[in-house]
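*Asks:* For reference, the sequence and a predicted model appear below.
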Amino acid sequence: MAEEIIRTEHVWKEYMMGDVLFQALKDISISINLGELVSIIGPSGSGKSTLMHIIGLLDQPTRGKIFISGNDIASFTDDKISSLRSEFVGFVFQQFNLINKLTILENILLPTVYVRKKLEYNPVEKALYLMKRFGIDGKEKSYPNKISGGQQQRVAIARALIMSPKLILADEPTGNLDSKSGTEILKLLKELNQEEKITVVIVTHDPLIAKQTKRIIEIKDGQIDK
Amino acid sequence: MDLFRNKMRTFLTSLGILIGVSSVVLLLSFGLGLKEYIRQQFDSLGTNLVFVIPGQIFGNSGSGFSGMRSVVQFDEKDFISLKKLRDAIYVIPIFTKSIKVEGNAKVDYATLNSTTDEIFPARNLELEYGRLFDKPEVDKKTRVIVIGPKVIEKMFDNPVLALNKSLRIEGQTFKIIGILKAKGGGGFGGPDFDKFIYMPLKTGYTLNPDKKIANFLIKAPDNKPFDLFKEEVKMQMIKRYDEDEITVADSAQFISTISSIFGILNMVLVAIGAVSLLVGGIGIMNIMYVSVTERIREIGIRRALGARESDILYLFLSESVLLSLFGGAMGLTLSFLVVLIVQKFFPAYIDLMSSIIALGTSSLIGIFFGVFPARKAARLSPIDAIRYE
């Protein structure tokens, strides 16, 4: 039986928007196994990004439980959750979210600054290896705003991989890229899933991208549609 | 670190701390200088001296002047009585008076000291021209005077010309036999030793018809504990006076009393200087709040990549401490430069303690005023921060 790495049980997320209660997620229960390539698809405002943030431990549900490798995170401290964000999950955002005043190399190495355990590899060597693999070598000392969008997203993927996470969460990773760069980024994520058995969850509104994954979770109005 | 990227902002923000630290350090250094100056003045009067003064000039607790009102007046009887102290190296009676002097058709004011010839070694007075008066001249009431160099500077272009000339004091004529080397003093309301005129005690009776003696200077022996000798002086005096009618003191007591008065004054000034540190601290807090707001998205990214609340707290706290410490170090450097210049005129100096206080205070200001913005940054929800536009 496949190893489950993340599971949500009856997860609700509610916000107050002025005086109105807005339900972003309604009773979401999903399970994702190690090594899966999953897409979460839905129209704008459907709650798919909220779900990704909750799975990625950036946000907390109003009700319901989250299990990481079988452990309920309700009892975890902020420090423990921060450590999981650093070691367990790697994020790839639509806006790339690189820090402009840090060099490309510093951006890739940023997660290693916050890790408390001793790394079993040389992070700089690994960063340089990832840069070479993704075709952005030689840009170590450049700054994010000096390279193209496609290159920035590769930097973001290298940063997501530097801690060797089990899970990569990509929120509209091709949303800000031209079609050629977008195809390349998608290819790269698929390669990581196939060759390194990293679980990849892609959040998208684009059915063409969703079709390239092995499993599609469709969200509409905060609920699972399929 | 953001500080290095925004050099102008860093400098301007540190300016408040720079001004605060330099004003506090400079005031402290002037206070230390003043203390040193007072000590030097007393040292120049000679060491191992006991002063006998009418009235109780120290309070019962021994600190602070409790009124300079003298209730008794010393005279020759006291001089004879004190001379009976076998261990005293010398007992010097001194009568002092502000006087008008005339010479070479010009008028000035000076301080008369009618006393004995032993005043010269006791006060470490050295001769520049001529000679000092001696014991036979003291006994014979010779009308001679030895003067400080400033007494005649208005009257004679060259002090040598004044030698063996006459000087009229309060209408009476005295012969200048010696001119002393400059000794300084006269700052901060203290006596100007170079405007002193020395004359034999009994010669001075013509200007002092009541034959009063203002105070006594007694040189203690080296082979006897100083306090014990002081006690003997006191015992000798209270044969005639009540204990609270006189003061038997040494220079250390004067120094500590004057120092404590100036110390309080200095602390008040330092406290006023510290207000600018407070203003500097508020400036740092203000700019740190701006910095947090500008970097909300960055905080969100760092949190998403695994930074804990404490990592964000330290990130901002270390920046505010560095900012403040930078201002403190600059302020200290500026103070060192100012003191270096001032030292040509005044013995101000910066001690290790002032430097530690300056840098310690700036670090504390950085922590105190940085902790609120840093806490605000640390407590931001990761998801709200990363979504911030």
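*Replies:* Good, I have the coordinates. Model, not experiment: these values are computed from the prediction. Numbers count the residues shown, from 1 in each chain, chains lettered A, B, ... in the order given.
*Asks:* which sections of chain A are below the confidence cut-off?
*Replies:* Applying pLDDT under 70 to chain A flags residues A:1, A:226.
*Asks:* quick check: longest helix of it.
*Replies:* Within chain A, and with DSSP state H defining each element, the longest helix by residue count is helix A:179-196.
*Asks:* which residue does chain B bring closest to chain A?
*Replies:* B:G306 (2.3 Å; Cβ to the nearest Cβ). Where C-beta positions appear, they are placed from N, C-alpha and C, glycine not excepted.
*Asks:* what does chain B put close to chain A?
*Replies:* By the rule Cβ under 8 Å from any Cβ of the partner chain, the part of chain B lying against chain A is B:2, B:5, B:297-298, B:300-311, B:381-383, B:386.
*Asks:* Mark which of those are buried, thanks.
*Replies:* By neighbour count, with 16 or more other Cβ atoms under 10 Å in any protein chain shown, the residues of chain B next to chain A hold B:2, B:297-298, B:300-309, B:311, B:382-383, B:386 as buried.
*Asks:* re earlier: not counting its neighbours along the chain, what's nearest the residue of chain B closest to chain A?
*Replies:* Sequence neighbours aside, A:S86 is the residue nearest to B:G306 in space, at 2.3 Å (criterion: Cβ to Cβ, 6 or more residues apart in numbering or on different chains).
*Asks:* my read: that neighbour touches A:Y114, true?
*Replies:* Yes. Between A:S86 and A:Y114 a contact is recorded at 5.3 Å, counting by Cβ atoms under 8 Å.
*Asks:* so what sits against both of those two?
*Replies:* By Cβ atoms under 8 Å, 6 or more residues apart in numbering or on different chains, A:S86 and A:Y114 have these common neighbours: B:305-306.
*Asks:* And the two? Which one has more around it.
*Replies:* A:S86 (25 against 20; other Cβ atoms under 10 Å in any protein chain shown).
*Asks:* and the more buried one, which of the three is it?
*Replies:* helix (DSSP: H, G, I helix; E, B strand; the rest coil).
*Asks:* got the contact list for the residue of chain A found nearest chain B?
*Replies:* Closest to chain B within chain A is A:S86: 2.3 Å, counting by Cβ to the nearest Cβ. For A:S86, the contacting residues are A:111, A:114-115, A:163, B:305-306, by Cβ under 8 Å, 6+ apart.
*Asks:* just to revisit the earlier point, helix or strand for the residue of chain B closest to chain A, just tell me which one.
*Replies:* Counting by DSSP states H and E, no helix or strand carries B:G306.
*Asks:* what about it, distance to A:V203?
*Replies:* Per Cβ to Cβ, to the nearest Å, B:G306 is found 20 Å from A:V203.
*Asks:* repeat for B:P54
*Replies:* According to Cβ to Cβ, B:P54 and A:V203 sit 97 Å apart.
*Asks:* So for those two, which sits in the more crowded spot?
*Replies:* Higher neighbour count among B:P54 and A:V203: A:V203, with 29 against 23, using other Cβ under 10 Å.
*Asks:* Where does the more buried one fall, secondary structure wise?
*Replies:* strand A:199-204.
*Asks:* ok, that strand near chain B or not?
*Replies:* No. Using Cβ under 8 Å from any Cβ, strand A:199-204 stays clear of chain B, with a minimum separation of 14.1 Å.
*Asks:* Show me what that strand is packed up against.
*Replies:* For strand A:199-204, the elements it packs on are strand A:20-33, strand A:37-41, helix A:48-55, strand A:167-171, helix A:179-196, helix A:207-211, judged by 3 or more Cβ pairs under 8 Å, 6 or more residues apart in numbering or on different chains; DSSP states H and E.
*Asks:* Now do the fifth one and strand A:167-171, the angle between them.
*Replies:* Between the axis of helix A:179-196 and that of strand A:167-171 there is an angle of 170 degrees, by axes from the mean of the first three to the mean of the last three Cα atoms, to 10 degrees.
*Asks:* circling back to that earlier point, would you convert the helices and strands packed on strand A:199-204 into CSV that also reports distance to chain B and mean neighbour count?
*Replies:* Shown next, in CSV, are the helices and strands packed on strand A:199-204 (distance: least, Cβ to the nearest Cβ, whole Å; neighbours: other Cβ atoms under 10 Å in any protein chain shown):
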stretch, distance to chain B, mean neighbour count
strand A:20-33, 12, 16
strand A:37-41, 17, 22
helix A:48-55, 5, 24
strand A:167-171, 10, 24
helix A:179-196, 18, 16
helix A:207-211, 22, 14
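*Asks:* Turn these into JSON lines, including distance to B:T333.
*Replies:* Converted to JSON lines, these look like this (distance: least, Cβ to Cβ, whole Å):
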{"stretch": "strand A:20-33", "distance to B:T333": "56"}
{"stretch": "strand A:37-41", "distance to B:T333": "59"}
{"stretch": "helix A:48-55", "distance to B:T333": "49"}
{"stretch": "strand A:167-171", "distance to B:T333": "50"}
{"stretch": "helix A:179-196", "distance to B:T333": "52"}
{"stretch": "helix A:207-211", "distance to B:T333": "60"}
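*Asks:* Next one: B:S259 from B:L49, what distance?
*Replies:* 18 Å.
*Asks:* sorry, that was for B:T257
*Replies:* From B:T257 to B:L49 the distance is 16 Å (Cβ to Cβ).
*Asks:* tell me how far the lengthiest helix in chain B is from the chain's mean position?
*Replies:* Ranked by residue count and defined by DSSP H, the top helix of chain B is helix B:251-294. Remark: helix B:251-294 is offset 19 Å from the chain centroid, using Cα atoms, centre = their mean, to the nearest Å.
*Asks:* list the buried ones in stretch B:321-339?
*Replies:* For stretch B:321-339, by 16+ other Cβ under 10 Å, it's B:321-332, B:334-336, B:338-339.
*Asks:* In strands, which of the residues you listed fall?
*Replies:* Within the buried residues of stretch B:321-339, no residue falls in strands by DSSP state E.
*Asks:* what's the nearest residue to the most centrally placed residue in chain A if we skip its chain neighbours?
*Replies:* By Cα atoms, centre = their mean, chain A has its centre lying nearest to A:L169, at 1.8 Å. Nearest non-adjacent residue to A:L169, counting by Cβ to Cβ, 6+ apart: A:G56, 4.7 Å away.
*Asks:* Tell me, how many residues neighbour the one you found?
*Replies:* A:G56: 23 neighbours (other Cβ under 10 Å).
*Asks:* for the stretch 101-250 of chain B, what spans make up the helices?
*Replies:* With DSSP state H, counting those that start in this stretch as the criterion, the stretch 101-250 of chain B has helices at B:119-122, B:135-139, B:226-237.
*Asks:* Which one, of those helices, ends up nearest to A:E3?
*Replies:* In terms of Cβ to Cβ, the element of the helices of the stretch 101-250 of chain B nearest to A:E3 is helix B:226-237, at 88.6 Å.
*Asks:* Which residues of chain A lie near chain B?
*Replies:* By Cβ under 8 Å from any Cβ, the part of chain A that sits against chain B consists of A:53, A:56, A:58-59, A:78-79, A:82-83, A:85-87, A:91, A:93, A:97-99, A:101, A:110-111, A:113-115, A:159, A:163.
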